[in-house]
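In: Sequence and computational prediction follow.
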Amino acid sequence: MKKTIGVILVIICFVFTAFAACSPNKENENDGNQNGASPESSENTGENGEIAAAAIERPHIPEGTDYGGYEFKILAKHFTSVSAPATLIENEVFAGEETGEPLNDAVYKRNRTVEALLNIKISEISGADFDVVKYAKNSVQSGDNSFDAMCIQDYDNVSLLQSNCLVNFYGVPNIDLVKSWWDQRAVKEIGYKGSKLYFVCGDINWYDDYSLMVLFFNKRLFQENGMDYPYDKVLQGKWTLDEFSRAIKDFTRDINGDGVLNQEDQWGMLENTDSVYHFIIGGGEAISSLNKEGVPEINALTERHLAVVEGFGNLFSDKSSVLQAGNGQMKGVSNEWGDGIFRVFREGRGLMLAEVVGSIPTFRDMEDDFGLLPQPKFNEAQEDYATFTSGGWASSYSIPVSNQELARTGMVLEAMAGYSVDTIRPALFDVSLKSKFARDEESEKMLDIVFASKKYDWGERFKIGDLYGAYQGVARTGFGKFVSSMEKGVPRAQTALEKLIALYEELD
């Protein structure tokens, strides 16, 4: 009876303190009505469009579910990015107390609610510098069951998958992968044949959203040069490679007059060699895609594919327009991101900067106003914008094969994801990225486009045959060697992909 009263009180508190769920869920592009509201859900909304608590679908928790105070341990990696300061590291899994920071407090409220509903205690095993792959492999091999689930970097999950350390989510009781709190694009695009999925993201975490590329642009420089902000072109579907090129071409200036173009001058575009692949995805092409059976295939070098790579590659390799970290343009700079391209943009000497969403807070104190844009389409004939979800930033959840209580683990993760809908999601979108960091309403609309256009690519996630390096190469030296590099790399990549497919066929 005491436990029941406690649960009721927690739920009452949760309803009155939950964030308004007014931002788009991951993903709203589900087919049919698979993740529509449950019959018990209503369609009530407030005057400002907020979804009432009664309208939020919740995970089904069977009556009498009680895990007796079990400590549910999550292995977590607090990883840093080369482009973001350490102060931006946030804990997606655990919060010991409320601090006033929206995401921290959302995690705290979400966890306390789930703990009360299931009678568990959520804890984490974590660190910024420890080797989670080695730790997880040792734990699985020894069978010590030291943790129940993982929230780690996608690349780490790929490594564990290839070592046969992960559980197929389709076989985990109590997890419903068609629900809106699981990212439906991720479920489809990094799944295999619609029946095997070994790591997944959703409302439960947010570094997958941080991994999305956006274009920052300096509003003052646009105004001083008589240029219109590109917002309307984006909304009209006319934000293309040609429009982007016209903006950044011939903008670079040797402002200190030393005859050398470097980090002390003015630039049309600031980026790093990884960025070009994000723009190729934005142009509607990719290393690989799933066929109708849900099996990954290396994409053919069609005329359009080559045109997209050539267009973006030649633009980004133009050292008279683009200052690129990792391309030998900055001398004596140890951190070419923070002390190079970031400093140039922050000091108002860069028209545009290509960076991931997770870097937006680093510019909160920038004097010049900036706006945000999605990556351009290749041309107007391209139907939709597309935004690459980079495995280097993104996090995802997984379960070790040593886990002996999959039903309990599934119930906990499903509850955590479901009760993140009106805690984590609005704290990330409506509070942190929009109200707190975005500087105008138009940028908020641009972010909505970015988050609705996520793309995942097996070729990049699994580094198939290192074809990713061929695309990076066009940012350094242009399109000239791309075809020959691919001709050499594709056979090797095909062999690697066939081995990966064979592994998936063997896995449970």
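Out: Structure received. Note that this is a predicted model, so its numbers are computed, not measured.

In: residue ranges of the helices in the stretch 151-300 of the chain, please?
Out: Along the stretch 151-300 of the chain, the stretches classed as helices by DSSP state H, counting those that start in this stretch are 154-162, 184-189, 207-210, 219-224, 231-235, 241-248, 275-282.

In: residues of the last one that come out buried?
Out: What that stands for is helix 275-282. 275, 276, 277, 278, 279, 280, 281, 282 (16 or more other Cβ atoms under 10 Å). Yep, even glycine has a C-beta here, placed from its N, CA and C like the rest.

In: In space, what's closest to the third one - neighbours in sequence excluded?
Out: Nearest residue to residue 277, sequence neighbours excluded (Cβ to Cβ, 6 or more residues apart in numbering): residue 471, at 4.6 Å.

In: do the same with the second one
Out: With sequence-adjacent residues excluded and distances taken as Cβ to Cβ, 6+ apart, residue 276 is closest to residue 475, at 3.9 Å.

In: what about this protein, any weak spots by pLDDT?
Out: Along the chain, the model assigns pLDDT under 70 to residues 1-54, 79-89, 127-129, 435.

In: what's the longest helix in it?
Out: helix 482-506 (DSSP state H).

In: got a list of contacts for that one?
Out: Under the criterion Cβ atoms under 8 Å, 6 or more residues apart in numbering, residues 162, 164, 192-193, 196, 288, 295-298, 301, 306, 309-310, 313, 458-459, 462, 464-467, 469-471, 473-474 lie in contact with helix 482-506.

In: same thing with stretch 467-479?
Out: Contacts of stretch 467-479 (Cβ under 8 Å, 6+ apart): 271, 273-277, 280, 287, 298, 309-310, 312-314, 316-317, 324, 327, 459-460, 481-482, 485-486, 489-490, 493.

In: SS state for the residue nearest to residue 276?
Out: helix (DSSP: H, G, I helix; E, B strand; the rest coil).

In: Tell me the one of the buried residues of helix 275-282 nearest residue 111?
Out: residue 278 (32.9 Å; Cβ to Cβ).

In: check contacts around the closest one.
Out: 213, 354, 375, 387, 388, 390.

In: neighbours around the second one, how many?
Out: To tie it back to what came earlier, the one meant is residue 354. 23 (other Cβ atoms under 10 Å).

In: cool, the fourth one as well?
Out: Taking other Cβ under 10 Å as the neighbour definition, residue 387 ends up with a count of 22.

In: Same question for the third one.
Out: The burial count assigned to residue 375 is 26, neighbours taken as other Cβ under 10 Å.

In: I figured it hits residue 387, correct?
Out: Yes - with contact defined as Cβ atoms under 8 Å, residue 375 counts as touching residue 387 (6.5 Å).

In: Touching both of these two, which residues are there?
Out: What both residue 375 and residue 387 touch, as defined by Cβ under 8 Å, 6+ apart, is the set 213, 214, 278, 281, 282.

In: quick one: which two of those are the most distant?
Out: Counting by Cβ to Cβ, the most remote pair of these is 214 and 281, 13.1 Å apart.

In: how far away is residue 226 from residue 408?
Out: 62 Å (Cβ to Cβ, to the nearest Å).

In: who has more neighbours, these two?
Out: Neighbour totals were compared for residue 226 and residue 408, and residue 408 leads with 19 against 6 (other Cβ under 10 Å).

In: Identify the residue spatially nearest to the more buried one, adjacent ones excluded.
Out: Residue 408 sits nearest to residue 67 (Cβ to Cβ, 6+ apart), 6.0 Å away.

In: what are the phi and psi values for the residue nearest to residue 277?
Out: Main-chain dihedrals, residue 471, degrees, to the nearest 10: phi -70, psi -40.

In: What count of nearby residues applies to it?
Out: 27.

In: oh, and call the first residue 611 from now on, that's how I've got it
Out: Sure, I'll start numbering at 611, so the last one becomes residue 1081.

In: In contact with residue 686, which residues?
Out: 701, 702, 703, 704, 734, 735, 736, 742, 760, 761, 762.

In: and the residue nearest to the spatial centre of the chain, how far is that from residue 795?
Out: Central residue of the chain (Cα atoms, centre = their mean): residue 818, 2.4 Å from the mean position. Going from residue 818 to residue 795 by Cβ to Cβ gives 10 Å.

In: overlap in contacts of these two?
Out: By Cβ under 8 Å, 6+ apart, the residues touching both residue 818 and residue 795 are residue 1064.

In: wait, residue 884 sits on residue 1002?
Out: Yes - counting by Cβ under 8 Å, residue 884 touches residue 1002, with 7.4 Å between them.

In: So for those two, which residue has more residues nearby?
Out: With neighbours defined as other Cβ under 10 Å, residue 884 and residue 1002 compare such that residue 884 has more, 21 against 15.

In: quick one: contacts for that one?
Out: Residue 884 sits next to 1000, 1002, 1082 when contact means Cβ under 8 Å, 6+ apart.

In: what would those look like in TSV with secondary structure and distance to residue 867?
Out: Below are those laid out as TSV (DSSP: H, G, I helix; E, B strand; the rest coil; distance: Cβ to Cβ, whole Å):
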residue	secondary structure	distance to residue 867
1000	coil	38
1002	coil	38
1082	helix	33
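
In: Specify which member of those residues is nearest to residue 683.
Out: Nearest member of those to residue 683, counting by Cβ to Cβ, is residue 1002, at 26.0 Å.

In: Give me the spatial nearest neighbour of that closest one, chain neighbours excluded.
Out: Residue 1002's closest residue in space is residue 765 (Cβ to Cβ, 6+ apart), at 6.7 Å.

In: Spit out the contact partners of that neighbour.
Out: 1001, 1002, 1071 are the contacts of residue 765 under Cβ under 8 Å, 6+ apart.

In: which residues in the stretch 661-810 of the chain form strands?
Out: Here the stretch 661-810 of the chain has its strands, by DSSP state E, counting those that start in this stretch, at 680-687, 730-737, 759-763.

In: Tell me which of those sits most buried.
Out: strand 759-763 (a mean of 25; mean count of other Cβ atoms under 10 Å).

In: Go ahead and name everything in contact with it.
Out: In contact with strand 759-763 (Cβ under 8 Å, 6+ apart) are residues 682, 684-687, 689, 702-703, 742, 746, 767, 770, 814-815, 817, 1001-1010, 1013, 1019, 1022-1023.

In: switch the cut-off to 7 Å
Out: 684-687, 689, 702-703, 742, 746, 815, 1005, 1007-1010, 1019, 1023 (Cβ atoms under 7 Å, 6 or more residues apart in numbering).

In: Repeat that for stretch 1011-1029.
Out: Here stretch 1011-1029 has contacts from 668-669, 671, 675, 677, 682, 720, 723-724, 727-728, 730, 749-750, 753, 755, 758-759, 775-777, 782-786, 791-792, 812-814, 1007, 1009, using Cβ under 7 Å, 6+ apart.

In: Name the residues of the longest helix of the chain that are buried.
Out: 1092, 1095, 1096, 1099, 1100, 1103, 1106, 1107, 1110, 1111, 1114.

In: One more: stretch 1004-1023?
Out: Buried-residue list, stretch 1004-1023, by 16+ other Cβ under 10 Å: 1004-1013, 1016, 1018-1023.

In: These in strands, which ones?
Out: 1005, 1006, 1007, 1008 (DSSP state E).

In: Quick check: the first one vs residue 775, distance?
Out: Looking back up the chat, that one is residue 1005. 17 Å.

In: before we move on, what about the third one?
Out: Separation of residue 1007 from residue 775 (Cβ to Cβ): 14 Å.

In: Can you check which residues contact both of those two?
Out: Counting by Cβ under 7 Å, 6+ apart, nothing touches both residue 1007 and residue 775.

In: Endpoints of stretch 1064-1081, how far apart?
Out: 19 Å (Cα to Cα, to the nearest Å).

In: again, but for stretch 750-758
Out: Terminal-residue distance, stretch 750-758 (Cα to Cα): 11 Å.
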